[in-house]
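Novice: Got a predicted model here, sequence first, then my questions.
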Amino acid sequence: MASEPVARAVAEEVGRWGSMKQTGVSLRYMMEFGSRPTPRNLLLSAQFLHKELPIRFARRALELESLPFGLSNKPAILKVRDWYLDSFRDIRYFPEVRSRNDELAFTQMINMVKMRHNNVVPTMALGVQQLKKELGHSRKVPFEFDDQIHEFLDRFYMSRIGIRMLIGQHVALHDPQPSGVIGLINTRLSPIQVAQAACEDARAICLREYGSAPDINIYGDPNFTFPYVTHHLHLMLFELVKNSLRAVQERYMNSDKDVPPVRIIVADGEEDVTIKVSDEGGGIPRSGLPRIFTYLYSTAKNPPELDRPNVGVTMAGYGFGLPISRLYARYFGGDLQIISMEGYGTDAYLHLSRLGDSEEPLP
């Protein structure tokens with residue numbers, strides 16, 4: 001264990017940095033800045049991250065220490081907090097970035113930091129689930145539990161998306177880029193192509209779990225492109241399509257009727273690109289609709305136990321897929337809406353801002 005004075009010094013440092021102001025970045029700025037990844041620009045980017053990342057890590061570490069309902073003391077949450085403190089320390093105590101060699105060493109270090117945080121989402125989910133079980137056994141789930149935990153997780157995961165985007169973008173600018181790709185941003189992303197890839201992945205999981213999978217029809221202009229982060233769009237569409245496939249599959253499992261396809265429609269407007277994922281999987285009762293964006297709510301009958309290591313990707317998650325997908329949409333100024341007709345099906349509308357001007361929403 002760290003000796004007392006060292007721990008206190010770090011705690012004071014975290015407190016100081018956690019009270020500093022964060023600096024938001026827009027998709028357009030990342031594109032313009034990254035389109036010329038000269039050594040000088042990479043140096044400027046590293047110097048910015050050297051100052052910005054400790055602020056973001058410190059804020060989250062402080063918040064992890066002051067969560068309601070005793071959540072901060074759950075082993076899984078303490079583990080995440082230690083990851084954030086370690087990352088704060090690694091970046092904070094890295095010497096100033098002054099030369100190309102400094103910059104390369106810094107880039108390697110923040111890439112390791114990013115990998116350290118790969119399992120933050122399931123680990124946080126585990127901590128919240130542990131607490132919920134405990135409170136449930138004692139029949140003492142406070143009325144405001146869901147709201148407060150939800151607000152915290154929204155802030156926490158939005159911040160995580162930002163941190164991973166900043167580190168990922170800086171690291172990716174060092175790799176040789178195909179034409180039109182700037183770091184993690186594809187300036188000519190085809191939503192139809194990303195939808196096709198996400199559909200293949202989601203259908204593969206559906207086939208594995210159920211032995212069959214509904215068809216998916218995609219409509220829209222195959223030549224239409226706009227600038228966006230491929231990985232973000234794939235993640236959101238994969239989640240929406242997976243939910244639709246599961247709903248249709250479970251509704252028609254023992255029926256001799258024709259299984260209706262899931263439909264995806266891509267529309268390109270002046271301001272927004274909207275992607276609709278439409279299914280006839282029976283919809284969600286209206287009483288359940290407000291809950292689909294809360295964490296730990298899953299429409300699946302038996303969501304997997306999080307304690308099992310290597311659960312892998314299953315059809316039905318821990319109820320984290322939709323709220324996190326909505327955060328990805330909002331991160332660059334878009335949104336995600338779900339409209340349901342109980343007894344018929346569900347339409348999910350994914351709005352993506354095509355101007356790329358909106359600043360990161362900084363929690």
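Specialist: Received the coordinates, thanks.
Novice: A helix includes Lys257, no?
Specialist: No: Lys257 is assigned coil when assessed by DSSP: H, G, I helix; E, B strand; the rest coil, not a helix.
Novice: Verify the contact between Ile216 and Val241 for me.
Specialist: Yes: if you go by Cβ atoms under 8 Å, Ile216 and Val241 touch, sitting 6.7 Å apart. Where C-beta positions appear, they are placed from N, C-alpha and C, glycine not excepted.
Novice: Looking at the two, which one has more neighbours?
Specialist: Between Ile216 and Val241, Val241 has the larger neighbour count (other Cβ atoms under 10 Å), namely 25 against 22.
Novice: so where's this structure shaky on pLDDT?
Specialist: Residues of the chain that meet the criterion pLDDT under 70 lie in 1-6, 137-143, 296-319.
Novice: before we move on, the earlier item: list the residues that contact both of Ile216 and Val241?
Specialist: Taking Cβ atoms under 8 Å, 6 or more residues apart in numbering as the criterion, Ile216 and Val241 both touch 199, 262, 264.
Novice: name the helices or strands packed onto the helix or strand the last one falls within?
Specialist: When you say that, I think you mean Ile264. Assigned by DSSP states H and E, Ile264 belongs to strand 262-268. The helices and strands touching strand 262-268, judged by 3 or more Cβ pairs under 8 Å, 6 or more residues apart in numbering; DSSP states H and E, are helix 191-210, strand 216-219, helix 230-252, strand 272-279.
Novice: now these in TSV, with distance to Asp147?
Specialist: As requested, those are exported to TSV (distance: least, Cβ to Cβ, whole Å):
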stretch	distance to Asp147
helix 191-210	31
strand 216-219	36
helix 230-252	23
strand 272-279	28
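Novice: Glu342: which of those is closest?
Specialist: Among the helices and strands packed on strand 262-268, the nearest to Glu342 by Cβ to Cβ is helix 230-252 (11.7 Å).
Novice: The closest one: which residues count as buried?
Specialist: Neighbour-count burial for helix 230-252 flags 230, 232-252 (criterion: 16 or more other Cβ atoms under 10 Å).
Novice: now the strands for this structure?
Specialist: All strands of the chain, identified by DSSP state E, fall at 181-182, 185-189, 216-219, 226-229, 262-268, 272-279, 335-341, 345-353.
Novice: Please, where are all the helices along the chain?
Specialist: 4-18, 27-34, 39-64, 75-92, 100-116, 120-137, 145-172, 191-210, 230-252, 321-331 (DSSP state H).
Novice: Redo those as JSON lines? Include distance to Gly220.
Specialist: Formatted as JSON lines, the helices of the chain follow (distance: least, Cβ to Cβ, whole Å):
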{"stretch": "helix 4-18", "distance to Gly220": "44"}
{"stretch": "helix 27-34", "distance to Gly220": "21"}
{"stretch": "helix 39-64", "distance to Gly220": "35"}
{"stretch": "helix 75-92", "distance to Gly220": "39"}
{"stretch": "helix 100-116", "distance to Gly220": "33"}
{"stretch": "helix 120-137", "distance to Gly220": "30"}
{"stretch": "helix 145-172", "distance to Gly220": "26"}
{"stretch": "helix 191-210", "distance to Gly220": "5"}
{"stretch": "helix 230-252", "distance to Gly220": "12"}
{"stretch": "helix 321-331", "distance to Gly220": "18"}
